[in-house]
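Student: Give me the fold of what follows.
(chains A and B)
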Number of protein chains: 2
Amino acid sequence: MAGLLMELFNNGKHICLVFRDLVTGGEAVQANQFLVYDNEHAALIDPGGELTYSRLFMAISEYMNVKNLDYIIASHQDPDIVASLNKWLVGTDAKVVVPELWQRFIPHFTRPGKISGRLITMPDQGMNLQLGSISLKALPAHFLHAEGNFQFYDPISKILFSGDMGANLSPDADLNTPVTDFSQVLPYLDGFHKRYMNSNKVCRFWVHMVRQLDISMIVPQHGRAFSGKAMGQFLDYIENLQCGIDLLTQDHYRIP
Amino acid sequence: MAGLLMELFNNGKHICLVFRDLVTGGEAVQANQFLVYDNEHAALIDPGGELTYSRLFMAISEYMNVKNLDYIIASHQDPDIVASLNKWLVGTDAKVVVPELWQRFIPHFTRPGKISGRLITMPDQGMNLQLGSISLKALPAHFLHAEGNFQFYDPISKILFSGDMGANLSPDADLNTPVTDFSQVLPYLDGFHKRYMNSNKVCRFWVHMVRQLDISMIVPQHGRAFSGKAMGQFLDYIENLQCGIDLLTQDHYRIP
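Tutor: Below is the predicted model of the structure:
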């Protein structure tokens, strides 16, 4: 199966799509890409790597003229997020929206000059990005896991696109079924969050911020979405998680 | 200027080269790439992004048949480290050496199947990599800055290739002159280390490990090398650095 396209939200004028890249067959991690469309304007969030470009381009073209895409947004600098950047720069007229922290790293994905005049940087404190009639909120999620990292909140669908936070390596057959009880997904995310997420300190800052939002669904970049009571259960889990550097000792830093 | 090639060490059988990518003209961060050559075998450390591939390939070919390269090593997953991976896979028969933690992320730089049979993964505790007559040490440097991250120690030249640790955005004209007193480079590295390095906790673990090595030079991936007393001064600075999450409060995690 090359990929799965699904509508997360559609009221006729405002659409949220998820494209689930399934082609990689175990070699590369499964990743979700997102399109937020509002009144003839659209943003692609975390378009993925070389593996994804052609199929995602075709999938989006069923909804709009892809050339007219407003934004390619990269939550952080990882290859599963944005290694396809050069192709998107050539294939569309979109502006590229990246964390200010990675502003001088991300051009390494492309060739000299390709990105000039097309870059919008997100400052550490986050920002509101005008998209058609809405303001897409870029929320700070630094060190979760990347040092400079953003999540995105759509005020119409009330979806929180949470990036690696909540990422779960669930079986492909379950990907389009939202998690309704956190126990369904715990075995598929516990190891990842304990190793890649930074520390309980920043986990708690993030939970306190997110609890202030009115959220319909938490949709991570890998695996299944969270809905209903699973969202609160997930936030409780993260609030209490010991992870990353909390678990490291001098034993982890020894000469081999 | 397209780039600068310099020998860091050469005893006839064992050679360490640095290639300093200068072509990017301010848009992308200046980055160093390294070749460690020993008795007809060679490893390329952190070959860089799309910007670097052709010039680096040509530079190396003055020393050896690049097709015979043994290893392409990626210390972590960032685009300035290894976005050129696909080209190196095609252009050489080298094995690709990556942190186990990024094993399923790094294939996003390339196309399906390209990497199979050519991947060597470095476990979290580090490893010794056989290269000609030497064992190149892959030292754990996790969360400095990437969550899965290695540095490399060459037992012949006694060079520590320290990756982002010590990275400094020094003026191009100074790049080939090693830092002999830490004050020469402090203004070019302080901001970077305070924002990208994780926390004093892991900085201290790293310093304690590194102090046990017999080091001739600390050579970071960006900017100038450290020699003489500047090495000890740099280690003292890192041991006492408050950085990353040490400096974050709830104020940094607010809805914009």
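
Student: alpha carbons only for contacts and neighbour counts from here, please
Tutor: Fine.

Student: For B:Gly191, see how far away the nearest residue to A:Gln250 once chain neighbours are set aside is.
Tutor: Spatial nearest neighbour of A:Gln250, chain neighbours left out: B:Phe205 (5.3 Å); criterion: CA to CA, 6 or more residues apart in numbering or on different chains. B:Phe205 sits 21 Å away from B:Gly191, going by CA to CA, to the nearest Å.

Student: which one of these two has more residues nearby?
Tutor: Neighbours were tallied for B:Phe205 and for B:Gly191 using other CA atoms under 10 Å in any protein chain shown; the higher tally belongs to B:Phe205 (19 against 12).

Student: need the contact list for that one.
Tutor: Applying CA atoms under 8 Å, 6 or more residues apart in numbering or on different chains to B:Phe205 gives the contacts A:249-250, A:253.

Student: most surrounded residue in the residues you listed?
Tutor: Ranking these using other CA under 10 Å puts A:Tyr253 first, with 23 neighbours.

Student: How about that one: what's its closest non-neighbour residue?
Tutor: B:Pro140 (5.6 Å).

Student: Likewise for A:Asp154?
Tutor: A:Leu136 (5.3 Å).

Student: what comes up buried for the helix or strand that contains the one you found?
Tutor: Element membership for A:Leu136 (DSSP states H and E) is strand A:134-140. For strand A:134-140, burial by neighbour count (16 or more other CA atoms under 10 Å in any protein chain shown) applies to A:134, A:136-140.

Student: And stretch A:154-174, by the same measure?
Tutor: A:154, A:156-157, A:159-170.

Student: can you check stretch A:86-106 too?
Tutor: Those would be A:86, A:88-89, A:92-106, for stretch A:86-106 by 16+ other CA under 10 Å.

Student: from these, which are also near chain B?
Tutor: The residues of those that also fall near chain B, by CA under 8 Å from any CA of the partner chain, are A:103-106.

Student: Looks like A:Glu239 contacts A:Val207 (just checking).
Tutor: Yes - counting by CA atoms under 8 Å, A:Glu239 does reach A:Val207; the two are 6.2 Å apart.

Student: I'd like the contacts of B:Phe205 as a markdown table, with pLDDT appended.
Tutor: Compiled in a markdown table, the contacts of B:Phe205 are given as follows (pLDDT from 0 to 100):
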| residue | pLDDT |
| --- | --- |
| A:Thr249 | 97 |
| A:Gln250 | 98 |
| A:Tyr253 | 98 |
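
Student: hmm, back to that, B:Asn39: which of the ones next to chain B among the buried residues of stretch A:86-106 is nearest?
Tutor: A:Phe105 (34.2 Å; CA to CA).

Student: returning to that earlier point: host element of the residue nearest to A:Gln250?
Tutor: helix B:200-210.

Student: what's the spacing between the residue nearest to A:Gln250 and A:Tyr253?
Tutor: From B:Phe205 to A:Tyr253 the distance is 6 Å (CA to CA).

Student: In contact with A:Met209, which residues?
Tutor: By CA under 8 Å, 6+ apart, A:Met209 lies in contact with B:253-255.

Student: Would you check how far apart it and A:Val202 are?
Tutor: From A:Met209 to A:Val202 the distance is 11 Å (CA to CA).

Student: A helix includes A:Phe152, no?
Tutor: No - applying DSSP: H, G, I helix; E, B strand; the rest coil, one finds A:Phe152 to be strand, outside a helix.

Student: neighbours of it, just the number please.
Tutor: By other CA under 10 Å, 24 other residues sit near A:Phe152.

Student: Let me know whether it touches A:Ser135 as I believe.
Tutor: No - counting by CA under 8 Å, A:Phe152 sits too far from A:Ser135 to count as a contact (10.3 Å).

Student: Could I get the full set of strands for the stretch 1-150 of chain A?
Tutor: Under the criterion DSSP state E, counting those that start in this stretch, the stretch 1-150 of chain A contains strands at A:3-10, A:14-21, A:31-38, A:41-45, A:71-73, A:95-99, A:119-122, A:127-131, A:134-140, A:150-154.

Student: tell me the angle the last one makes with helix A:200-210.
Tutor: For strand A:150-154 against helix A:200-210, the angle between stretch directions is 20 degrees (axes from the mean of the first three to the mean of the last three CA atoms, to 10 degrees).

Student: residues in contact with A:Ala31?
Tutor: Counting by CA under 8 Å, 6+ apart, the residues that A:Ala31 touches are A:20-22, A:48, A:80, A:221-223.

Student: Reformat the residues you listed as JSON lines; add pLDDT and neighbour count.
Tutor: Listed next are the contacts of A:Ala31 as JSON lines, based on pLDDT from 0 to 100; neighbours: other CA atoms under 10 Å in any protein chain shown:
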{"residue": "A:Arg20", "pLDDT": "87", "neighbour count": "25"}
{"residue": "A:Asp21", "pLDDT": "74", "neighbour count": "24"}
{"residue": "A:Leu22", "pLDDT": "63", "neighbour count": "19"}
{"residue": "A:Gly48", "pLDDT": "81", "neighbour count": "26"}
{"residue": "A:Asp80", "pLDDT": "72", "neighbour count": "29"}
{"residue": "A:Gln221", "pLDDT": "93", "neighbour count": "26"}
{"residue": "A:His222", "pLDDT": "92", "neighbour count": "24"}
{"residue": "A:Gly223", "pLDDT": "94", "neighbour count": "29"}
